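Student: Sequence plus the predicted model coming up.
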Amino acid sequence: QVQLVESGGGLVQAGGSLRLSCAASERTSSSAIMGWFRQAPGKEREFVAFISWSSGGTYFADSVKGRFTISRDNAKLTVYLQMNSLKPEDTAVYYCAAGGYSSILPKSYAAWGQGTQVTVSS
């Protein structure tokens, strides 16, 4: 199963930016889609964005559309989540995930990273 390692989290003031990275150990048919999810304390894990390795097609949650972008480097097997205009409500643990098809549901993703904390202060 593909292994995922996130990095790039941290503390930032509202309005600031952070870039998260997710390095994958391999690319397989069951990891054709790379997604980002987040989970705030006491809340369910929610979809943020996904990208296709092959087409580069992307999809975003309404809450981050226009502020976040997702990209991939096929040679490095790395996916990036660029987060701009951050808000306190973006504070959460961010998880990278790999799945076989486009989906906003966590259960559609079989492989998960360990998560990285993003904290946005007001």
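Tutor: That came through, no problem. Numbers count the residues shown, from 1 in each chain.
Student: count of residues packed around A75?
Tutor: 6 (other C-beta atoms under 10 Å). Bear in mind the C-beta positions are built from the backbone N, C-alpha and C, glycine included.
Student: let's have the chain start at 10 instead
Tutor: With the count now opening at 10, the last piece we talked about shows up as A84.
Student: any idea whether it is helix, strand or coil?
Tutor: A84 falls in the coil class when you classify it by DSSP: H, G, I helix; E, B strand; the rest coil.
Student: which residues does it contact?
Tutor: Contacts for A84 (C-beta atoms under 8 Å, 6 or more residues apart in numbering) come out as none.
Student: and the gap between it and I42?
Tutor: Noted for A84: a distance of 18 Å to I42, by C-beta to C-beta, to the nearest Å.
Student: before we move on, which element is the residue nearest in space to the middle of the chain in?
Tutor: Residue closest to the mean C-alpha point of the chain, counted by C-alpha atoms, centre = their mean, is W45 at 2.3 Å. Using DSSP states H and E, W45 falls within strand 42-48.
Student: Look at the closest residue to L13 other than its chain neighbours and say how many residues are nearby.
Tutor: Among residues not flanking L13 along the chain, G122 sits closest, at 3.8 Å (C-beta to C-beta, 6 or more residues apart in numbering). Neighbour count of G122, defined by other C-beta under 10 Å: 21.
Student: G122 reaches C105, doesn't it?
Tutor: Yes - in this structure, G122 is within contact of C105 by C-beta atoms under 8 Å, at 4.2 Å.
Student: Need the overlap of contacts for these two.
Tutor: Between them, G122 and C105 share the contacting residues L13, E15, C31, judged by C-beta under 8 Å, 6+ apart.
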